[in-house]
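S.K.: pasting the structure only:
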């Protein structure tokens, strides 16, 4: 017999006979004459009551009621957001692992009922504008306490809505019992030994509901997953040692046990399905506006071509310095593309629209910004507060360029002020390419992505490198980059691909590996 625990949310009482398949797994506990198990363990049981106990309720009336509440505020929820809210509401702790720009922020906010208590969100400081904007839209009268420094202020922390950043957690004082506690970019809590993670666990211990948001799936690295999973469902996963011994592919060495990857992966996936909802971009394509992608070939004059040919020859001949020669090539070719990048961005600005220009090198970003009057430039060396000031100024300008390096693409930033983005450089890592592209996405309209590719062999073979990496990688975490790379491949390679031309990058990849 399996019955809902009368006092512990998400926990179930199980008779000894029924619990036997769970013996030896972390998280099963004895309570009196029966065992108790978290809901994430129930999918491991072949028991007729499990499906009924874990059934996911979906009511069209509930969806309609939510839309009726939000429509006067100027927005409605997409189906993916409605489904995520349905998943979150019955649970105490949930990990939302949707791809970027699928509405995780609004989803988390719309699960909150102010009558039950506080809403506290902990996120990177760079995400402050996005969170404050959506909180104000969903709750126009919200009184928000905002932390911007590392000094703890109990007055701000007592507000009905609180925005805090991760650096304040170690200084957080007092026990708070929020109705809803959100950790955005939750993979930042992956190290269970840090003060930040310990403080997050203490804060979460008093919360009625804990929601973790991340577009960076981490379930395939169990040692990094344990601390976050334990914050969401305390005691459900056992101790760090128990968890890693079961799921971390332990290997005994002369220096102790080393955790090398994933073991019992199918079992962990089943357990994670009961605390994690994960939708990739490709899974929800029908529920989001389209993205139009095009490729513009940047002409290289004869003098520039001869210089790039020298780098190309070094890539083949100096095999001991492939990485250095490739870096030098990428930097040089990016500078040669600056006129084409500025021409494409200038067309958008001339139409009275804002545009986002992506580069990899700061020097290229500076060169582009210098040629686009009134543009704003951000990169990883600029302090977060200054980046936010420049982004705010760009959003207030009807027609201007925001020139950004891809180093900032991995943090929670919203560039949806523009519907057109220009990729002046092509990044090798598919996930970074997808992350950058999604910063411009908005659920209210389509968008255009323009990729600038130099008319030179090695630059065009970068597409082949991306395709090779994509085919060898788990699709999780790549998201919309799949479509971006397909567009590049079709434009640069065409329907027929010359195997002889592939050898350069195949050799390059082999040597770089």
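M.R.: Everything's here; your move. Note that the structure is a prediction, hence the values are computed from the model and not measured.
S.K.: Identify the residues contacting stretch 138-151?
M.R.: With C-beta atoms under 8 Å, 6 or more residues apart in numbering as the test, stretch 138-151 has contacts from 70, 73, 106, 109-110, 114, 125, 128, 132, 135-136, 153, 155-165, 167-168, 171, 385. Just so you know, the C-beta spots here come from the backbone N, C-alpha and C atoms, and that holds for glycine as well.
S.K.: correction: stretch 444-451
M.R.: Contact with stretch 444-451 is made by 289-296, 344, 419-423, 426, 437, 440-441, 484, 487-488, 491, as judged by C-beta under 8 Å, 6+ apart.
S.K.: filter the contacts of stretch 138-151 to the buried ones?
M.R.: Taking 16 or more other C-beta atoms under 10 Å as the criterion, what is buried in the contacts of stretch 138-151 is 70, 106, 109-110, 125, 128, 132, 135, 156-157, 159-165, 168.
S.K.: what kind of secondary structure is the residue sitting nearest the centre point of the chain in?
M.R.: Nearest residue to the geometric centre of the chain (C-alpha atoms, centre = their mean): residue 215, 2.3 Å. Here residue 215 is coil, with the state taken from DSSP: H, G, I helix; E, B strand; the rest coil.
S.K.: isn't it right next to residue 96, touching?
M.R.: No. Between residue 215 and residue 96 there is no contact under C-beta atoms under 8 Å: 9.2 Å.
S.K.: got any residues that touch both of those two?
M.R.: With contacts defined as C-beta under 8 Å, 6+ apart, the residues shared by residue 215 and residue 96 are residue 104.
S.K.: quick one: low-confidence parts of the stretch 51-200 of the chain?
M.R.: Confidence mapping of the stretch 51-200 of the chain against pLDDT under 70 gives the ranges 57-58.
S.K.: Do a quick rundown of the strands in it.
M.R.: For the stretch 51-200 of the chain, the strands defined by DSSP state E, counting those that start in this stretch cover 93-96, 119-122, 144-146, 161-164, 180-183.
S.K.: Please apply the same query to the stretch 301-450 of the chain.
M.R.: Counting by DSSP E, counting those that start in this stretch, the stretch 301-450 of the chain has strands at residues 355-359, 376-378, 401-405, 420-423, 447-454.
S.K.: mean pLDDT lowest for which of the ones you listed?
M.R.: The stretch with the lowest mean pLDDT among the strands of the stretch 301-450 of the chain is strand 447-454, at a mean of 86.
S.K.: still on that earlier bit, how about JSON lines for the strands of the stretch 51-200 of the chain, with distance to residue 38 added?
M.R.: Shown next, in JSON lines, are the strands of the stretch 51-200 of the chain (distance: least, C-beta to C-beta, whole Å):
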{"stretch": "strand 93-96", "distance to residue 38": "10"}
{"stretch": "strand 119-122", "distance to residue 38": "23"}
{"stretch": "strand 144-146", "distance to residue 38": "33"}
{"stretch": "strand 161-164", "distance to residue 38": "27"}
{"stretch": "strand 180-183", "distance to residue 38": "18"}
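S.K.: So for residue 199, which of those sits nearest?
M.R.: strand 119-122 (9.5 Å; C-beta to C-beta).
S.K.: Show me what that closest one is packed up against.
M.R.: Judged by 3 or more C-beta pairs under 8 Å, 6 or more residues apart in numbering; DSSP states H and E, the packing partners of strand 119-122 are strand 161-164, strand 180-183, helix 195-205.
S.K.: how does it look with 6 Å?
M.R.: Strand 119-122 sits against strand 161-164, strand 180-183, with contacts defined as 3 or more C-beta pairs under 6 Å, 6 or more residues apart in numbering; DSSP states H and E.
S.K.: So which of the contacts of stretch 138-151 belong to helices?
M.R.: Among the contacts of stretch 138-151, the members found in helices (DSSP state H) are 70, 106, 109, 110, 128, 132, 135, 136, 155, 156, 157, 385.
S.K.: wait, what's in contact with the third one?
M.R.: Translated: residue 109. Shown in contact with residue 109 (C-beta atoms under 6 Å, 6 or more residues apart in numbering): 134, 138.
S.K.: how close does the residue nearest to residue 165 when sequence neighbours are not counted sit to residue 164?
M.R.: Excluding the flanking residues, the one nearest residue 165 by C-beta to C-beta, 6 or more residues apart in numbering is residue 125, at 4.3 Å. Applying C-beta to C-beta, to the nearest Å, the value for residue 125 to residue 164 is 10 Å.
S.K.: again with residue 370
M.R.: Counting by C-beta to C-beta, the separation of residue 370 from residue 164 is 38 Å.
S.K.: Now the residue lying farthest from the centre of the chain: closest residue in space that isn't a chain neighbour?
M.R.: What lies farthest from the middle of the chain is residue 33; by C-alpha atoms, centre = their mean that is 43.6 Å. In this structure, residue 33 finds its nearest non-sequential neighbour in residue 16, 7.8 Å apart by C-beta to C-beta, 6+ apart.
S.K.: Counting neighbours, what do you get for residue 340?
M.R.: Using other C-beta atoms under 10 Å, residue 340 has 20 other residues around it.
S.K.: again with residue 76
M.R.: Residue 76: 15 neighbours (other C-beta under 10 Å).
S.K.: so it makes contact with residue 67?
M.R.: Yes. If you go by C-beta atoms under 6 Å, residue 76 and residue 67 touch, sitting 4.8 Å apart.
S.K.: Residue 425 is in contact with residue 359, correct?
M.R.: Yes. In this structure, residue 359 is within contact of residue 425 by C-beta under 6 Å, at 5.0 Å.
S.K.: The two - which one has more neighbours?
M.R.: Counted by other C-beta under 10 Å, residue 359 and residue 425 do not tie: residue 359 has more neighbours, with 29 against 25.
S.K.: Domain map for the protein?
M.R.: The record assigns the chain these domain ranges, following automatic domain parsing: 2-53, 75-284, 289-512.
S.K.: Out of these, which is closest to residue 59?
M.R.: domain 75-284 (8.1 Å).
S.K.: Between the two ends of stretch 345-361, how far is it?
M.R.: End-to-end distance of stretch 345-361 (C-alpha to C-alpha, to the nearest Å): 17 Å.
S.K.: For residue 459, which non-adjacent residue is spatially closest?
M.R.: residue 333 (5.3 Å).
S.K.: repeat for residue 190
M.R.: Distances taken as C-beta to C-beta, 6+ apart put residue 224 closest to residue 190, at 3.8 Å, once the chain neighbours are dropped.
S.K.: isn't there a helix covering the one you found?
M.R.: Yes. Residue 224: assigned to a helix according to three-state DSSP.
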